[in-house]
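Student: the amino acid sequence is not available; the structure is as follows:
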(Lines give C-alpha, C1' and ligand atoms only; values in the text may rest on other atoms or scores of the structure.)
Protein backbone atom coordinates (compact mmCIF):
# COMPACT_ATOMS: atom_id res chain seq x y z
CA UNK A 1 0.00 0.00 0.00
CA UNK A 2 1.09 3.56 -0.58
CA UNK A 3 1.68 6.10 2.15
CA UNK A 4 -1.40 7.94 0.92
CA UNK A 5 -3.59 4.89 1.48
CA UNK A 6 -2.26 4.46 5.03
CA UNK A 7 -2.97 8.10 5.70
CA UNK A 8 -6.58 7.85 4.42
CA UNK A 9 -7.25 4.75 6.51
CA UNK A 10 -5.90 6.45 9.61
CA UNK A 11 -8.24 9.42 9.02
CA UNK A 12 -11.28 7.14 8.66
CA UNK A 13 -10.49 5.30 11.89
CA UNK A 14 -10.17 8.53 13.83
CA UNK A 15 -13.45 9.83 12.36
CA UNK A 16 -15.29 6.64 13.35
CA UNK A 17 -13.89 6.84 16.89
CA UNK A 18 -15.17 10.39 17.34
CA UNK A 19 -18.67 9.49 16.06
CA UNK A 20 -18.96 6.55 18.44
CA UNK A 21 -17.85 8.68 21.37
CA UNK A 22 -20.48 11.34 20.55
CA UNK A 23 -23.23 8.70 20.40
CA UNK A 24 -22.19 7.23 23.75
CA UNK A 25 -22.08 10.69 25.31
CA UNK A 26 -25.58 11.54 24.04
CA UNK A 27 -26.92 8.21 25.29
CA UNK A 28 -25.33 8.82 28.69
CA UNK A 29 -26.91 12.29 28.85
CA UNK A 30 -30.33 10.86 27.96
CA UNK A 31 -30.04 8.16 30.65
CA UNK A 32 -28.99 10.72 33.26
CA UNK A 33 -31.92 12.97 32.34
CA UNK A 34 -34.39 10.09 32.58
CA UNK A 35 -32.99 8.99 35.95
CA UNK A 36 -33.22 12.57 37.27
CA UNK A 37 -36.87 12.84 36.14
CA UNK A 38 -37.84 9.53 37.72
CA UNK A 39 -36.05 10.41 40.94
CA UNK A 40 -37.79 13.79 41.10
CA UNK A 41 -41.20 12.16 40.47
CA UNK A 42 -40.56 9.54 43.17
CA UNK A 43 -39.50 12.15 45.73
CA UNK A 44 -42.44 14.42 44.89
CA UNK A 45 -45.21 11.79 44.89
CA UNK A 46 -43.95 8.88 46.99
CA UNK A 47 -41.86 10.49 49.71
CA UNK A 48 -43.95 13.63 50.29
CA UNK A 49 -44.84 14.43 53.87
CA UNK A 50 -48.47 13.57 54.76
CA UNK A 51 -50.68 16.65 55.17
CA UNK A 52 -53.85 15.25 56.80
CA UNK A 53 -52.52 13.68 59.99
CA UNK A 54 -55.23 14.46 62.56
CA UNK A 55 -56.32 11.53 64.72
CA UNK A 56 -59.89 12.84 64.48
CA UNK A 57 -60.82 11.09 61.22
CA UNK A 58 -63.82 11.82 59.04
CA UNK A 59 -65.44 8.54 60.02
CA UNK A 60 -65.13 9.28 63.73
CA UNK A 61 -66.53 12.77 63.12
CA UNK A 62 -69.62 11.34 61.41
CA UNK A 63 -70.18 8.81 64.19
CA UNK A 64 -69.80 11.54 66.79
CA UNK A 65 -72.42 13.68 65.06
CA UNK A 66 -74.85 10.79 64.55
CA UNK A 67 -74.60 9.82 68.21
CA UNK A 68 -74.86 13.40 69.40
CA UNK A 69 -77.70 15.87 69.87
CA UNK A 70 -80.44 15.82 67.21
CA UNK A 71 -79.95 19.54 66.51
CA UNK A 72 -76.29 18.96 65.69
CA UNK A 73 -77.22 16.21 63.25
CA UNK A 74 -79.64 18.50 61.46
CA UNK A 75 -77.15 21.37 61.43
CA UNK A 76 -74.43 19.26 59.84
CA UNK A 77 -76.38 17.02 57.43
CA UNK A 78 -79.58 19.07 57.01
CA UNK A 79 -81.74 16.06 57.88
CA UNK A 80 -82.74 13.96 60.86
CA UNK A 81 -80.73 10.92 61.90
CA UNK A 82 -83.24 8.29 60.76
CA UNK A 83 -83.54 10.00 57.35
CA UNK A 84 -79.75 10.04 56.93
CA UNK A 85 -79.42 6.35 57.84
CA UNK A 86 -82.28 5.31 55.54
CA UNK A 87 -80.82 7.39 52.70
CA UNK A 88 -77.44 5.66 53.05
CA UNK A 89 -79.15 2.25 53.00
CA UNK A 90 -81.30 3.21 50.03
CA UNK A 91 -78.35 4.50 47.98
CA UNK A 92 -76.46 1.32 48.78
CA UNK A 93 -79.23 -1.19 48.08
CA UNK A 94 -80.85 0.49 45.07
CA UNK A 95 -78.11 2.55 43.42
CA UNK A 96 -74.91 0.63 44.04
CA UNK A 97 -73.17 2.98 46.45
CA UNK A 98 -70.44 0.99 48.22
CA UNK A 99 -67.79 1.60 50.84
CA UNK A 100 -64.23 2.16 49.67
CA UNK A 101 -60.89 1.02 51.02
CA UNK A 102 -60.73 3.80 53.60
CA UNK A 103 -64.20 5.36 53.38
CA UNK A 104 -67.50 3.96 54.63
CA UNK A 105 -70.83 4.77 53.00
CA UNK A 106 -71.98 7.01 55.85
CA UNK A 107 -68.79 9.05 55.55
CA UNK A 108 -69.05 9.52 51.77
CA UNK A 109 -72.70 10.58 52.04
CA UNK A 110 -71.85 12.93 54.92
CA UNK A 111 -69.06 14.52 52.85
CA UNK A 112 -71.48 15.03 50.00
CA UNK A 113 -74.20 16.74 52.04
CA UNK A 114 -71.86 18.82 54.18
CA UNK A 115 -70.16 20.10 51.01
CA UNK A 116 -73.53 21.11 49.55
CA UNK A 117 -75.31 22.39 52.65
CA UNK A 118 -72.39 24.46 53.94
CA UNK A 119 -70.94 25.43 50.54
CA UNK A 120 -67.59 23.89 51.49
CA UNK A 121 -64.75 24.02 49.02
CA UNK A 122 -62.54 20.99 48.46
CA UNK A 123 -59.88 22.19 50.92
CA UNK A 124 -62.39 22.75 53.71
CA UNK A 125 -63.80 19.26 53.21
CA UNK A 126 -60.24 17.85 53.22
CA UNK A 127 -59.66 19.37 56.64
CA UNK A 128 -63.05 18.26 57.96
CA UNK A 129 -62.66 14.62 56.89
CA UNK A 130 -58.87 14.27 56.76
CA UNK A 131 -58.68 13.00 53.18
CA UNK A 132 -56.77 14.21 50.15
CA UNK A 133 -58.33 16.54 47.61
CA UNK A 134 -58.34 13.76 45.03
CA UNK A 135 -60.23 11.44 47.39
CA UNK A 136 -62.78 14.13 48.24
CA UNK A 137 -63.45 14.92 44.57
CA UNK A 138 -63.69 11.27 43.57
CA UNK A 139 -66.18 10.34 46.30
CA UNK A 140 -68.25 13.48 45.79
CA UNK A 141 -68.65 12.39 42.17
CA UNK A 142 -69.55 8.82 43.16
CA UNK A 143 -72.28 9.93 45.59
CA UNK A 144 -73.52 12.58 43.14
CA UNK A 145 -73.96 9.92 40.47
CA UNK A 146 -76.00 7.74 42.86
CA UNK A 147 -78.17 10.68 43.98
CA UNK A 148 -78.67 11.74 40.36
CA UNK A 149 -80.08 8.34 39.39
CA UNK A 150 -82.24 8.31 42.51
CA UNK A 151 -83.65 11.73 41.58
CA UNK A 152 -84.60 10.51 38.10
CA UNK A 153 -86.66 7.73 39.66
CA UNK A 154 -88.26 9.72 42.48
CA UNK A 155 -88.72 13.32 41.35
CA UNK A 156 -91.55 12.95 38.87
CA UNK A 157 -94.66 15.09 38.38
CA UNK A 158 -97.96 13.47 39.33
CA UNK A 159 -99.30 14.60 35.96
CA UNK A 160 -96.47 14.13 33.41
CA UNK A 161 -98.48 15.85 30.65
CA UNK A 162 -99.42 18.81 32.89
CA UNK A 163 -103.03 18.66 31.75
CA UNK A 164 -104.58 19.16 35.17
CA UNK A 165 -104.95 22.68 36.56
CA UNK A 166 -104.53 22.89 40.36
CA UNK A 167 -107.65 24.02 42.20
CA UNK A 168 -105.56 26.65 43.96
CA UNK A 169 -105.13 28.40 40.60
CA UNK A 170 -108.44 27.52 38.98
CA UNK A 171 -110.63 28.76 41.85
CA UNK A 172 -108.79 31.95 42.73
CA UNK A 173 -109.30 35.16 40.74
CA UNK A 174 -105.85 36.33 41.76
CA UNK A 175 -104.27 33.48 39.77
CA UNK A 176 -106.81 32.56 37.11
CA UNK A 177 -106.44 32.93 34.16
CA UNK A 178 -102.98 34.52 34.60
CA UNK A 179 -101.33 31.29 35.78
CA UNK A 180 -103.44 28.82 33.77
CA UNK A 181 -100.34 27.47 31.98
CA UNK A 182 -98.01 27.68 34.97
CA UNK A 183 -96.36 24.36 35.88
CA UNK A 184 -95.60 25.75 39.38
CA UNK A 185 -92.40 26.66 41.13
CA UNK A 186 -90.64 24.43 43.63
CA UNK A 187 -91.76 25.14 47.18
CA UNK A 188 -90.01 28.15 48.67
CA UNK A 189 -88.41 29.32 45.43
CA UNK A 190 -88.28 33.09 45.04
CA UNK A 191 -88.55 34.49 41.52
CA UNK A 192 -87.44 37.99 40.58
CA UNK A 193 -90.34 40.08 39.24
CA UNK A 194 -91.01 43.69 38.32
CA UNK A 195 -94.34 45.07 39.48
CA UNK A 196 -95.86 48.57 39.71
CA UNK A 197 -94.84 50.57 42.77
CA UNK A 198 -98.38 50.52 44.10
CA UNK A 199 -98.35 46.69 44.18
CA UNK A 200 -94.80 46.02 45.38
CA UNK A 201 -95.58 45.49 49.07
CA UNK A 202 -97.23 42.03 48.66
CA UNK A 203 -94.19 40.84 46.73
CA UNK A 204 -91.40 42.01 49.06
CA UNK A 205 -89.87 39.10 50.95
CA UNK A 206 -88.85 39.09 54.60
CA UNK A 207 -85.28 40.16 53.79
CA UNK A 208 -86.70 43.19 52.00
CA UNK A 209 -84.27 43.06 49.09
CA UNK A 210 -84.17 46.03 46.76
CA UNK A 211 -85.77 43.92 44.04
CA UNK A 212 -89.25 42.67 44.94
CA UNK A 213 -89.59 38.90 44.84
CA UNK A 214 -92.57 36.65 44.43
CA UNK A 215 -92.77 33.58 46.62
CA UNK A 216 -93.44 30.71 44.23
CA UNK A 217 -95.46 28.70 46.74
CA UNK A 218 -99.09 28.07 45.79
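Tutor: Cool, the structure landed. Predicted, not measured: the structure shown is a model, and the values here were computed from it.
Student: got the contact list for residue 80?
Tutor: Applying CB atoms under 8 Å, 6 or more residues apart in numbering to residue 80 gives the contacts 70, 73, 74. Using the backbone N, CA and C atoms, a C-beta is placed for each residue, glycine as well.
Student: please report the distance of it from residue 129.
Tutor: Taking CB to CB, to the nearest Å as the measure, residue 80 falls 21 Å from residue 129.
Student: and residue 99, how many neighbours?
Tutor: The number of residues packed near residue 99 is 12, by other CB atoms under 10 Å.
Student: let me know the pLDDT of the nearest residue to it once chain neighbours are set aside.
Tutor: The shortest distance from residue 99 to any residue other than its chain neighbours is 5.2 Å, reached at residue 105 (CB to CB, 6 or more residues apart in numbering). pLDDT recorded at residue 105 is 95.
Student: ditto for residue 199
Tutor: The per-residue pLDDT reported for residue 199 equals 76.
Student: same deal with the one 5 residues further on?
Tutor: At residue 204 the predicted local confidence, pLDDT, stands at 74.
Student: tally of neighbours for residue 82?
Tutor: Number of residues near residue 82 (other CB under 10 Å) recorded here: 9.
Student: checking residue 177 next. Helix, strand or coil?
Tutor: coil (DSSP: H, G, I helix; E, B strand; the rest coil).
Student: right, and the helix or strand after the host helix or strand of residue 136?
Tutor: Following DSSP states H and E, one finds residue 136 within helix 133-154. Once the chain leaves helix 133-154, the next helix or strand it forms, by DSSP H and E, is helix 167-170.
Student: now that following helix, how far from the chain's geometric center?
Tutor: 40 Å (CA atoms, centre = their mean, to the nearest Å).
Student: just stretch 107-122 next, same as before
Tutor: 9 Å.
Student: from now on call the first residue 26
Tutor: Okay, residue one is now 26; in that scheme the one you just asked about reads as stretch 132-147.
Student: what does that stretch contact?
Tutor: Residues from elsewhere that reach stretch 132-147 (CB under 8 Å, 6+ apart): 83-84, 86-87, 90, 101-104, 109, 112-113, 116, 122, 124-125, 150, 153-154, 158, 161-162, 164-165, 167-169, 172.
Student: mind doing that once more with 6 Å?
Tutor: For stretch 132-147, contacts defined as CB atoms under 6 Å, 6 or more residues apart in numbering pick out 83-84, 87, 102-103, 113, 150, 154, 158, 161, 164-165, 168.
Student: rewinding a little: how about the helix holding residue 161, which residues are buried there?
Tutor: 160, 161, 164, 165, 167, 168, 171, 172, 175 (16 or more other CB atoms under 10 Å).
Student: ok, back up a step: surely the residue nearest to residue 124 and residue 114 touch.
Tutor: No - between residue 130 and residue 114 there is no contact under CB atoms under 6 Å: 8.5 Å.
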